[in-house]
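*Asks:* I'll drop the sequence and a predicted model, then ask my questions.
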Amino acid sequence: MDYNRFGDTIYLRVDRGEEIMETLLAVCRREGVQSATFSGIGGCGEAQLQTFLPEKGAFETETFTGALELVSLLGNVISDEKGELFRHAHALFTFRAGNEPRVCGGHLKSAVVRYTAEIELRPVIGGAIGRTFDPETGTGFWKLHGDA
C-alpha cells in the first residue's frame, strides 16, 4: 500500500494481496480521518458481497473469486462517539464465466486485490459524521446532529 495527500484528498494505492477495506481504515487511523467518502477502481481476486434480507433480518454473503474487475467502489467512513471507525461500501465487479461476461455487485464486505486498486479518499472538512445504531438492520447509519 502507498498513499499521498494532495490538498484535502488522500490518494491510496492498495497492492496485491491486501484487503481493500482493512487498508482503507488503516490509512484513516494513521491520518486521523474520522469521516470521509471514497471511490475507486481496480483488479481483485476475491470479493465478498452482501445483500440485506429484511425478512430474515440478516445479510446474505456470497464470495466471488477469479479475475474480478472492480469497476466501481463507492462508500464512506464514519466514527462513533468513542472514535471507532466504521465503513459502508458498495461495489460492482465484472468477470467472465466461460466466454460470457458477468456482473456482480452489492454491499462490499471484503475484497482482496489481485493486481492493484486505486482509491480516492475525501475526508469530511469542518466536522465529522457520527454513527447511530439501527436495531432493524443491526448496523449503523449516519448521525448528522448531536441530538440524534
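*Replies:* That came through, no problem.

*Asks:* give the contact list for the residue with the largest distance to the centre of the chain.
*Replies:* Farthest-out residue of the chain from its mean C-alpha position, per CA atoms, centre = their mean: Asn99, at 29.4 Å. With contacts defined as CB atoms under 8 Å, 6 or more residues apart in numbering, Asn99 has no neighbours. Every C-beta, even on glycine, is put in place using the N, C-alpha and C of the backbone.

*Asks:* cool, and Gly105?
*Replies:* Leu49, Ser72, His90, Ala91, Leu92, Phe93.

*Asks:* which of those residues are buried, as a ChimeraX select command?
*Replies:* Burial among these is assessed by 16 or more other CB atoms under 10 Å; the matching ChimeraX selection reads:
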select :49,91,92,93
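
*Asks:* could you point out the longest strand in the chain?
*Replies:* strand 100-123 (DSSP state E).

*Asks:* which residues sit against the following helix or strand past that one?
*Replies:* Going down the chain from strand 100-123, the next helix or strand is strand 130-134, by DSSP states H and E. For strand 130-134, contacts defined as CB under 8 Å, 6+ apart pick out 35, 78-81, 86, 139-144, 146, 148.

*Asks:* list the buried residues of strand 130-134.
*Replies:* Neighbour-count burial for strand 130-134 [16+ other CB under 10 Å]: Gly130, Arg131.

*Asks:* ok, that strand: who's next to it in the sheet?
*Replies:* As defined by DSSP bridges, the strand partners of strand 130-134 come to strand 139-143 (antiparallel).

*Asks:* which stretches of the protein form strands?
*Replies:* 2-6, 9-15, 36-53, 58-79, 85-97, 100-123, 130-134, 139-143.

*Asks:* for these, give me CSV that also has distance to Glu22 and mean pLDDT.
*Replies:* Shown next, in CSV, are those (distance: least, CB to CB, whole Å; pLDDT from 0 to 100):
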stretch, distance to Glu22, mean pLDDT
strand 2-6, 14, 98
strand 9-15, 9, 98
strand 36-53, 13, 96
strand 58-79, 12, 96
strand 85-97, 9, 96
strand 100-123, 8, 97
strand 130-134, 19, 89
strand 139-143, 18, 87
